[in-house]
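Trainee: Build me a model:
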Amino acid sequence: MANKLKDIIPEVDGIIKSPSRRTNQTAEFFIDAFGLNEQQVISERALYHSSLSTIMDHVQSLPAEWNTVLLFAHNPGMTYIAEYFGMYDVENVPTCGMTLVESNVKDWAALNNENSKIIAFEYPKKYSR
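Mentor: Numbering: from 1, shown residues only. The predicted model follows:
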């Protein structure tokens, strides 16, 4: 999935993630694929089984110089994010599912569902044969 994402977005400025073992294992594939370093990875305990508002609080406080960010968290929070940005027909974002959200805001604090849209929804079974 990291390589599939790299085909869609060739550069990532940073990652914000839950510190769980499984999330760390998954994030490592993306860290390697995008060539990120320690300073580009933020680990937030609050993202473990968090609410939509908790996730948005952390996203809205990301460094302003980061334009493209990957978020690694857990359900039901990831499904809440997909629904918040307009993907109402999803019942569950599967493990390693990716909801790609695009926005033209200059400051993460301004990010919301009125100035952003989902541009892709990718998940492993979409590519399995």
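
Trainee: longest helix of the chain?
Mentor: Across the chain, the helix with the greatest residue count (assigned by DSSP state H) is helix 21-34.

Trainee: Quick one: residues in contact with it.
Mentor: With C-beta atoms under 8 Å, 6 or more residues apart in numbering as the test, helix 21-34 has contacts from 1-3, 5-6, 11-12, 15, 17, 36, 41, 70, 72-74, 96. All C-beta spots, glycine's among them, are computed from the backbone N, C-alpha and C.

Trainee: what does stretch 74-85 give?
Mentor: Taking C-beta under 8 Å, 6+ apart as the rule, stretch 74-85 contacts 18, 20, 23, 47-52, 54-56, 71, 73, 90-93, 97, 99, 101, 113, 116-118, 121.

Trainee: For this structure, which segments are assigned as strands?
Mentor: Using DSSP state E, the strands of the chain run over 14-17, 41-43, 69-72, 98-103, 116-122.

Trainee: CSV please, covering those strands and showing mean pLDDT, distance to residue 61 and mean neighbour count.
Mentor: What follows is the strands of the chain, written out as CSV (pLDDT from 0 to 100; distance: least, C-beta to C-beta, whole Å; neighbours: other C-beta atoms under 10 Å):
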stretch, mean pLDDT, distance to residue 61, mean neighbour count
strand 14-17, 97, 9, 21
strand 41-43, 97, 10, 17
strand 69-72, 97, 11, 21
strand 98-103, 96, 15, 18
strand 116-122, 94, 16, 15
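
Trainee: Residue 63: which of the ones you listed is closest?
Mentor: strand 14-17 (7.0 Å; C-beta to C-beta).

Trainee: what's in contact with that closest one?
Mentor: Defining contact as C-beta under 8 Å, 6+ apart, one finds that strand 14-17 is touched by 23-24, 27, 30-31, 36, 40-44, 47, 58-59, 62-63, 66, 69-73.

Trainee: so what strands line up beside that strand?
Mentor: strand 41-43 (parallel), strand 69-72 (parallel) (DSSP bridges).

Trainee: Can you name the residues that contact the most centrally placed residue in the chain?
Mentor: Nearest residue to the geometric centre of the chain (C-alpha atoms, centre = their mean): residue 71, 2.7 Å. Counting by C-beta under 8 Å, 6+ apart, residue 71 touches 15, 16, 17, 47, 55, 59, 78, 81.
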